[in-house]
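Engineer: Everything below, folded, please.
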Amino acid sequence: MKILLLGKNGQLGSELQRSLAPLGELLALDRRSTLHCGDLLNLEGLAETVRALRPDVVVNAAAYTAVDKAESDQEVAHRVNALAPEVLSRECAALGAYLVHFSTDYVFDGSGQTPWTEFDATGPVNVYGQSKLAGEQGIAKQGARHVIFRTSWVYGTEGGNFAKTMLRLAQERDKMAVINDQFGAPTGAALLADITALALQLPAPLMGIYHLAAAGETTWYAYAEYVLAKSKQLKPNLNYTVKEFVAVPTSDFPTPAKRPLNSRLDCSRLTEALKRPLPPWQAGVDQLLAKIL
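Structural biologist: As a prediction, the model looks like this:
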């Protein structure tokens, strides 16, 4: 199996390099690659790369993920998140290749309290979500065999993440305010990568959209509480200065892009297809903390 991975150095791409390498010949690119184009802004270069390499599978882990910046950078966000996936689907369809793509709960409007299914009506409330939904639609329109994994609250061990931020602030501040009215499941890039590799080894490939997030749900406030409690177990000698922890609504932290309050995803379609449950979100966070502390 020849696999072309795009976005190799992102938090997801780094984990995918690990999980996909044992499956066959892995060609991993990012936007700085020189021999072949891995830059999703360069649509023609991207198409030429797929034509030249002729992979059996294309895994697109590259995306424009600066949610707030997208509000003022709409053209670039749309080009990377919408037009590039459509180009990949067109080229994969011509080759007969299989496309794996990652999307987001931000394609929904964040209303209600029920976990979103793959068949619920979409309605993104910000430019980032609109661009990701357009990417899903472009992939379907071009007709490649594909699977799209929608996920939420993704973190990795590389680079910044919410847990690292909370640990730093807990050692710098006396008081911390954290949002308590957004609900979702923190999902590790390692889990996404492992499930992707597993899906590529199924007798029959997954087709269409599947929701993929860690099991359970929490809020950012409860997530932060868990991170601090667990970190104190693992590293009790850290100098924690925080003494007051305050739960606040989203409205206390205004941002350029509106955030959905309900990021819960119903992953039962995927667990039935894989014939295995997804791990609780706490398990992945425990692994993260064990690595970074």
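
Engineer: Just the buried positions in stretch 19-38, please.
Structural biologist: Across stretch 19-38, burial judged by 16 or more other Cβ atoms under 10 Å covers 19-20, 23, 26-31, 33, 37-38. Using the backbone N, CA and C atoms, a C-beta is placed for each residue, glycine as well.

Engineer: Check stretch 131-138 too.
Structural biologist: Residues of stretch 131-138 classed as buried: 131-136, 138 (neighbour count, 16+ other Cβ under 10 Å).

Engineer: likewise stretch 51-65?
Structural biologist: For stretch 51-65, the neighbour count (16+ other Cβ under 10 Å) marks 53, 55-65 as buried.

Engineer: for it, what is the average pLDDT?
Structural biologist: For stretch 51-65, mean pLDDT rounds to 97.

Engineer: how distant is it from the center of its chain?
Structural biologist: With Cα atoms, centre = their mean, to the nearest Å as the basis, stretch 51-65 stands 16 Å off its chain's centre.

Engineer: Next: stretch 17-26.
Structural biologist: Counting by Cα atoms, centre = their mean, stretch 17-26 comes out at 19 Å from the chain centroid.

Engineer: how long is it end to end?
Structural biologist: With Cα to Cα, to the nearest Å applied, stretch 17-26 spans 8 Å between its terminal residues.

Engineer: Show me the contact partners of that stretch.
Structural biologist: For stretch 17-26, contacts defined as Cβ atoms under 8 Å, 6 or more residues apart in numbering pick out 1-3, 5, 8, 28, 56, 59, 193-194, 196-197, 200-201.

Engineer: Any chance of the residues you listed in JSON lines with distance to F102 and secondary structure as columns?
Structural biologist: Output for these, formatted as JSON lines (distance: Cβ to Cβ, whole Å; DSSP: H, G, I helix; E, B strand; the rest coil):
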{"residue": "M1", "distance to F102": "19", "secondary structure": "coil"}
{"residue": "K2", "distance to F102": "20", "secondary structure": "strand"}
{"residue": "I3", "distance to F102": "15", "secondary structure": "strand"}
{"residue": "L5", "distance to F102": "12", "secondary structure": "strand"}
{"residue": "K8", "distance to F102": "14", "secondary structure": "coil"}
{"residue": "A28", "distance to F102": "16", "secondary structure": "strand"}
{"residue": "D56", "distance to F102": "19", "secondary structure": "coil"}
{"residue": "V59", "distance to F102": "9", "secondary structure": "strand"}
{"residue": "A193", "distance to F102": "10", "secondary structure": "helix"}
{"residue": "D194", "distance to F102": "14", "secondary structure": "helix"}
{"residue": "T196", "distance to F102": "9", "secondary structure": "helix"}
{"residue": "A197", "distance to F102": "14", "secondary structure": "helix"}
{"residue": "L200", "distance to F102": "14", "secondary structure": "coil"}
{"residue": "Q201", "distance to F102": "18", "secondary structure": "coil"}
